[in-house]
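Q: Sharing a model that was predicted from the sequence below.
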Amino acid sequence: MTGSARSPVPERTATAERSFSTVGLDGGDQWDYWNEVTRTAFVAMLAAGVPAPATAARTAGFDARAVARETGGLRLSTVSADPHEAARTPALVRRAEGEDFFLTLICEGSGTVRQDDRSGAMGPGDFTLVDSARPYVFRFEERFRSVVLQIPRGMLTSRCATAERITAVPFRATGGPGAFVSPVLRALAEEGRALDEGLAHSVTANVLDLLAAVYDAHADSAGAAGSAVHRRDLRRAMEYLDERLHDPGLTLLAAGHALGFSLRYLHQLFQEAGTTPRTWLYDRRLDRARTMLLRPPGQDAPTIADIALRVGFKDPSHFSRAFKARYGTSPANFRTSPGS
């Protein structure tokens, strides 16, 4: 690769090992190429440079390399790169599909990770999990080498009910349960290609079982913190929907995009509150209409048709039927006799 020549990003295949490198590309092309690599090999992220510490050796350009392969039904990659920040932004969550989990093990160097209101620093041997259905950021201020394991959502959540609540939590290689996991992940990266298909699937299944045990144990001790994150996200979702009750074109997909949540996560938040997003929105619209109908009638009082439109019903007849089903009386009767 020389000058302005752009190296095509290898297509993902079921078995082939793929290699990527920015070496030999022009400066601007290096970042474009690496962003395409992350989209193709992992999930869409936006990579950007970070200021180098004054003591750091200065290098020209951006040197980033990755090798990716399939191992036992999982995608495993080794990555080495110069300092940079890699962000899965809310815009990328909205535009690009992503439901998998990504486990990152730091082999050399250091970095930080942030998702939701959790963040932590990572050094050699430490690992963490992120959920591509929500925004997150990795930041590396020195050259690093890592192992990245892409885990289909169902393969982890079927083993670990708490997976979505323990993202961006660094597990240490120097003690605790992380001391058991890190060597296994390193061995999978270094020796996994030598395993036959049947043994590879057995090994990765055992790795996922071990991860699930570690994560569940941690979640048991940190459940209160995880619940606080979900309560905050649920409050944000409710506020967003409440501000848009008047919009009959409001969809849950659009709401999730605006909030940076996947549709799955949005449903999970409301499920934990004992309802669904659609039911909550429907009930909230009717409650708002009821409040408007309780106001004393006057010369400027909105008509029932106006109220229906203001709470997001296109059809006043539909609104009247829904209101009666909920409150046992028509909007007109409720306005004249709210206590009946």
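A: Perfect, I can see it now.

Q: Please report how far the residue lying closest to Arg153 once chain neighbours are set aside lies from Asp131.
A: Using Cβ to Cβ, 6 or more residues apart in numbering and skipping the chain neighbours, the partner closest in space to Arg153 is Glu99 (4.8 Å). The way it works is simple: take the backbone N, C-alpha and C, and place the C-beta from them, glycine included. Between Glu99 and Asp131 the distance is 9 Å, computed by Cβ to Cβ, to the nearest Å.

Q: Tell me the gap between stretch 197-205 and the middle of its chain.
A: Distance, stretch centre to chain centre, for stretch 197-205: 27 Å (Cα atoms, centre = their mean, to the nearest Å).

Q: Now it: buried residues?
A: Buried residues in stretch 197-205, counting neighbours by 16 or more other Cβ atoms under 10 Å, are found at Ala200, Val203, Thr204.

Q: go on, stretch 281-297?
A: Here stretch 281-297 shows Leu281, Tyr282, Arg284, Arg285, Leu286, Arg288, Ala289, Arg290, Met292, Leu293 as buried, counting by 16+ other Cβ under 10 Å.

Q: shouldn't Ala179 be in contact with Ala173?
A: Yes: the pair Ala179 and Ala173 passes the contact test of Cβ atoms under 8 Å, sitting 5.9 Å apart.

Q: Between the two, point out the one with more neighbours.
A: Comparing Ala179 with Ala173 by other Cβ atoms under 10 Å, the one with more neighbours is Ala173, at 22 against 13.

Q: How about that one: what's its closest non-neighbour residue?
A: If you skip the residues right next to it in sequence, Ala173 has Gly125 as its closest partner in space, 2.6 Å away by Cβ to Cβ, 6+ apart.

Q: How about the contacts made by that neighbour?
A: Taking Cβ atoms under 8 Å, 6 or more residues apart in numbering as the criterion, Gly125 is in contact with Leu105, Ile106, Cys107, Arg172, Ala173, Thr174, Gly178, Ser182.

Q: ok, now with 10 Å
A: Gly125 makes contacts with 105-108, 171-174, 178-179, 181-183, 185-186, as judged by Cβ atoms under 10 Å, 6 or more residues apart in numbering.

Q: nearest to Asp117, of these?
A: Nearest to Asp117 among these, counting by Cβ to Cβ, is Phe171 at 18.4 Å.

Q: and the closest one, bridged to which residues?
A: Beta-bridge pairing of Phe171, defined through DSSP bridges, involves Phe127.

Q: Could you give the number of residues near it?
A: As a burial measure, the neighbour count of Phe171 was computed by other Cβ under 10 Å and equals 26.

Q: just the one 5 residues further on next, same as before
A: A total of 13 residues lie near Gly176 under the criterion other Cβ under 10 Å.

Q: Under the pLDDT cut-off, which ranges of the stretch 1-150 of the chain? List them.
A: Residue ranges of the stretch 1-150 of the chain with pLDDT under 70: 1-16, 52-60, 97-98.

Q: can you map out the strands along it?
A: Along the stretch 1-150 of the chain, the stretches classed as strands by DSSP state E, counting those that start in this stretch are 18-21, 46-48, 64-71, 74-81, 84-88, 101-108, 111-115, 118-122, 127-131, 136-140, 144-151.

Q: follow-up on the earlier one: which of the buried residues of stretch 281-297 sit farthest apart?
A: Maximum pairwise distance among the buried residues of stretch 281-297 (Cβ to Cβ): 19.0 Å, between Leu281 and Leu293.

Q: what about the longest helix in the protein?
A: In the chain, taking DSSP state H as the definition, the longest helix is helix 197-221.

Q: between that helix and strand 144-151, how many degrees?
A: Compare the direction of helix 197-221 with that of strand 144-151 by axes from the mean of the first three to the mean of the last three Cα atoms, to 10 degrees and you get 100 degrees.
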